[in-house]
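> Next comes the sequence, and after it the predicted model I'd like to discuss.
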Amino acid sequence: MCDGCQDVTNVLIDETIRPANCLNPAEVNFTSLIQRTWRLTDIFGNVSQCIDTIWVRRASQDMADYQMPANAELSCNATNAQLHPDSLGYPIYLAGSESIELDPTNAALVCNLLIKYTDMEFTGGCGGTREIMRLWTISELYCGTLIDIIVGSQMISLVDEVAPVINCAPGAQTVFTNPYSCSSDLFIAKPVVSDNCTAANTIRVTLTINGVGFYDNFQGGTVTGFEAGPNLITFRAYDLCGNSSSCTRVITVTDEIAPIAVCQTNTTVSLGLDGTARVYVPSFNDGSYDNCGIDSIRVRRMTPSQECDPVPVFRDYVPVCCDDTGEPVIVIMRVWDSSGNTNECMVALEVQDKIPATISCLPNLTVNCGFDLDDLTVFGKIVNLNNGETRDSVFVGGVFQFLDGFAADNCDLRVVEVTPFISLNSCGAGYVERYFEARALSGNLAIARCTQRITVINDVDVLPASIVWPCDLTLTNFCVVNPELELTPDVLEQFNGTGVSCHIGIPSFYDRPRFLDNECTQVGVTYKDHVFEIQDSACYKILREWKLVDWCAYEGGALGSNIENYIYRDVQVIKIMNNIDPVITCPADVNVCSFQRNMFNRRIPVFNCNCN
């Protein structure tokens with residue numbers, strides 16, 4: 001509004017509103033008539049008036065011009081305020097390009113419209129969920145009459161999409177294994193649960209252990225099968241609409257129970273060829289066990305052995321050797337479980353040496369009679385290889401025969417030569433048996449024995465080379481009556497060493513032959529005297545025939561079986577000389593009367609040589 005030159009001010013000075021005349025056909029499409037009177041004044045004070053006539057059209061009777069509030073979805077525990085149309089909206093009247101929300105206030109101002117709603121509730125959903133059908137009715141108050149224009153609906157869904165609240169207190173917990181199983185039983189309380197829609201007592205709780213064990217509708221109670229180590233417990237709560245939430249707890253099961261160590265009462269081991277052995281764990285273990293399983297078993301001797309095990313440590317075996325024989329070796333067996341718990345027991349280990357010693361004997365020998373048998377070691381010895389002894393060469397009669405025998409064993413041993421057996425006859429022939437024994441010092445009762453036989457033979461006739469015959473003897477003025485009886489070798493012994501010897505380098509002797517007479521000979525000596533009277537200017541001449549025989553040589557048969565081959569002879573001449581005239585004593589005259597002829601020839605004088 002302007003006067004073409006200057007701005008003007010307008011002022012509403014009057015407004016009248018009257019309802020439309022329902023009987024006037026020209027006004028049936030209107031609800032009222034508004035007339036407004038305006039006064040216009042310019043800056044110069046010029047004034048003019050005008051009337052503005054406004055016909056208010058009735059609300060559209062076309063349902064398309066009305067829009068129901070959008071369907072809504074609320075939580076099942078929505079409040080009344082949340083359910084009220086102030087929150088969920090009112091129908092909208094589409095007046096051309098303008099949209100008017102028909103809340104109770106606006107509806108009355110807009111074309112005499114009245115609006116109301118009615119809620120129809122449909123229950124039976126899960127956990128308190130339900131559907132509400134809100135029926136809207138839009139009416140027009142026209143000419144005193146209420147005319148329904150449209151009835152529309154709005155769907156309100158009260159749903160449960162919120163998971164239950166679950167509390168897993170007390171959280172992490174540590175317990176111990178049962179004595180005879182690698183698990184634990186534990187009372188687990190039902191978690192505290194709540195839900196926005198579902199009553200707590202209808203919330204289903206499940207329990208899962210390590211993702212495997214499953215308890216449905218868990219109400220609390222003793223749960224078995226918690227394995228050693230950390231166990232993850234997962235509680236999951238489900239409301240009646242299937243919404244779920246979970247919480248976890250860690251139950252750590254620790255094994256503090258020591259294994260049960262079960263040992264053999266006694267264990268026996270035999271040493272090997274090298275004098276040692278290893279006794280492994282299975283030989284000591286007699287069924288050790290643990291509730292969670294055995295991790296390892298090791299053994300060691302209780303006390304050190306300088307020879308066998310100077311620094312005992314736990315390992316898969318116990319080393320033993322010959323030094324362990326005789327007394328039991330106390331062995332400690334220690335059992336570990338996977339948690340590091342240990343237990344021990346002890347075993348008495350008997351170490352035995354069942355391998356007998358070996359002995360390589362000296363060869364048998366044959367020697368001639370006369371060989372010096374006082375020291376039998378000249379025929380060799382048995383050396384102890386375990387002591388580092390060496391085998392020497394054995395020479396008999398200056399000739400190499402063999403090496404010493406030897407004895408050896410897996411353990412230390414002692415070699416002894418026991419009293420020999422000597423069987424020699426009167427000729428020195430026979431045999432000598434040497435007995436050797438090798439005895440283990442480890443307590444092994446087996447004895448290795450061997451025998452060396454030294455055969456002594458006598459097959460050489462040594463007599464001829466050794467005989468020295470007695471010298472001839474001449475006795476002067478030695479009066480004898482019966483030479484055979486009075487000139488025996490024992491009598492002649494008194495003259496030994498007198499006169500000139502008949503042997504070079506040997507003093508004179510006259511009694512009997514000299515010859516080799518030892519253990520190898522058995523010489524028979526005989527003589528026979530042949531006495532001759534008045535021979536060779538001697539009163540008596542005795543031819544003493546000596547005869548010697550070596551019966552040992554004969555038995556040896558060196559010269560055959562004829563005894564004459566073994567008889568040796570010599571003649572010793574013994575003369576009795578007398579240079580003193582004899583004394584003759586004639587017999588007295590005798591008168592006899594006899595018819596025998598020549599009886600007097602029987603009487604001869606009696607004389608004695610060298611006799612007074």
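Perfect, I can see it now.
> number of nearby residues for the nearest residue to Cys143 once chain neighbours are set aside?
Nearest residue to Cys143 in three dimensions, chain neighbours excluded: Cys22, at 3.5 Å (Cβ to Cβ, 6 or more residues apart in numbering). Any C-beta I mention is one placed from the backbone N, CA and C, and that applies to glycine too. For Cys22, the number of neighbouring residues by other Cβ atoms under 10 Å comes to 14.
> hang on, Cys22 packs against Thr31?
No - counting by Cβ atoms under 8 Å, Cys22 sits too far from Thr31 to count as a contact (9.8 Å).
> how about the closest residue to Thr16 other than its chain neighbours, secondary structure?
When the adjacent residues along the chain are set aside, Thr16 lies closest to Gln35, with 4.9 Å between them (Cβ to Cβ, 6+ apart). Three states are possible here, and by DSSP: H, G, I helix; E, B strand; the rest coil the one that applies to Gln35 is strand.
> Pull up the gap between Gln35 and Asp14, please.
To Asp14, Gln35 is 8 Å away according to Cβ to Cβ, to the nearest Å.
> Tyr431 touches Val456, doesn't it?
Yes - under the contact definition of Cβ under 8 Å, Tyr431 touches Val456, with a separation of 6.4 Å.
> Can you name the residues that contact Val47?
For Val47, the contact set (Cβ atoms under 8 Å, 6 or more residues apart in numbering) comprises 39-41.
> Please name the bridge partners of it.
Thr41 (DSSP bridges).
> now swap in the one 10 residues further on and tell me
Partner residues in beta bridges with Arg57, using DSSP bridges, are Phe30.
> how many neighbours does it have?
13.
> now do the one 5 residues further on
If you count neighbours by other Cβ under 10 Å, Asp62 ends up with 10.
> wait, Thr566 sits on Tyr554?
You called it Thr, but residue 566 is Tyr. Yes - using Cβ under 8 Å, Tyr566 and Tyr554 qualify as a contacting pair, with a distance of 4.5 Å.
> which of the two has more neighbours?
The neighbour count for Tyr566 versus Tyr554, taken as other Cβ under 10 Å, is higher for Tyr566 (24 against 21).
> Which pLDDT does the model give that one?
On pLDDT, Tyr566 comes in at 87.
> where does this structure dip in pLDDT?
Low-confidence segments of the chain, defined by pLDDT under 70: 1-6, 108-110, 535-536, 582, 592-612.
> any idea which strand is longest in it?
Using DSSP state E, we find that the single longest strand of the chain is strand 145-159.
> Can you tell me which helices and strands the following helix or strand past it packs against?
Using DSSP states H and E, the helix or strand that follows strand 145-159 in sequence is strand 165-167. In this structure, strand 165-167 makes packing contacts with strand 192-194, strand 229-238, strand 244-254, judged by 3 or more Cβ pairs under 8 Å, 6 or more residues apart in numbering; DSSP states H and E.
> measure Glu493 to Pro513 for me?
Taken as Cβ to Cβ, the spacing of Glu493 relative to Pro513 amounts to 13 Å.
> if you count what's nearby, which of the two comes out ahead?
Neighbours per residue (other Cβ under 10 Å) separate Glu493 from Pro513, with Pro513 holding more: 20 against 13.
> Surely Ser537 and Ile576 touch.
No - checked against Cβ under 8 Å, the pair Ser537 and Ile576 is beyond contact range at 10.7 Å.
> Please name the residues that touch Arg514.
Taking Cβ under 8 Å, 6+ apart, we find Arg514 in contact with 467-468, 470, 506.
> filter those residues to the buried ones?
Applying 16 or more other Cβ atoms under 10 Å to the contacts of Arg514, the neighbour count classes 467, 470 as buried.
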